[in-house]
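A.B. asks: Next one to model:
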Amino acid sequence: MIRFGGLFQSPGWKTENHVPVIECPDSVQKDGTFEIRVSIGKETPHPNTTEHHIRWVKVFYLPEGDRFTYQLAHIQFSAHGESAAGPDQGPAHTDHSAVVTARLKKSGKIYATSYCSIHGLWENTRSIQVH
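C.D. replies: All right, here's what the predicted structure looks like:
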């Protein structure tokens, strides 16, 4: 049986355009606010068409020494050029990037997951120190 976590793809090569890119400070002050920016395909942009797009990004935090994660955000991207006139004829597209403001009490890891309409689930992680 394949566990759900086994369905996530991870960074495989430098130009992969499905991996969530996590940009945040390496260290932050305890209880101080900071920004976490998550985008998809930093070096090679991911398509954003009616047929092929990123539907959502989720951001989680796993405190050092804890067993459980905490969901920081769920960002839904809803416009991909759809319209009554046909695919990619619509007047709006939602870009697949987001900024989340957070506060942490202890060091840990930030996880970002995303879902591509064609290529499924993707994940990435980044450590963060809290002082």
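
A.B. asks: Tell me where this protein is predicted with low confidence.
C.D. replies: Scanning the chain with the threshold set as pLDDT under 70 gives 12-15.

A.B. asks: Sketch out the strands for it, chain order is fine.
C.D. replies: 20-23, 27-28, 34-40, 54-63, 70-76, 97-102, 108-116, 120-130 (DSSP state E).

A.B. asks: Now the fifth one: buried residues?
C.D. replies: What that stands for is strand 70-76. Counting neighbours by 16 or more other CB atoms under 10 Å, one finds that the buried residues in strand 70-76 are 72-73, 75. Placement of C-beta: from N, CA and C, glycine included.

A.B. asks: Next, format those as TSV and append distance to Lys105.
C.D. replies: Output for these, formatted as TSV (distance: CB to CB, whole Å):
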residue	distance to Lys105
Leu72	13
Ala73	18
Ile75	23
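
A.B. asks: Of the strands of the chain, which is nearest Ala84?
C.D. replies: strand 54-63 (20.8 Å; CB to CB).

A.B. asks: how about the residue located most distally from the centre of the chain, phi and psi?
C.D. replies: With distances taken from the mean C-alpha point of the chain and given as CA atoms, centre = their mean, the most distant residue is Ala85, at 30.6 Å. With angles defined as degrees, to the nearest 10, Ala85 shows backbone torsions of phi -70, psi -20.

A.B. asks: so who does Pro45 touch?
C.D. replies: Under the criterion of CB atoms under 8 Å, 6 or more residues apart in numbering, the contact partners of Pro45 comprise Asn17.

A.B. asks: please redo it, this time with the cut-off set to 10 Å
C.D. replies: The contact partners of Pro45, by CB atoms under 10 Å, 6 or more residues apart in numbering, come to 17, 39, 95-96.

A.B. asks: quick one: terminal-to-terminal distance for stretch 53-69?
C.D. replies: Taking CA to CA, to the nearest Å, the span from the opening residue of stretch 53-69 to its closing residue is 27 Å.
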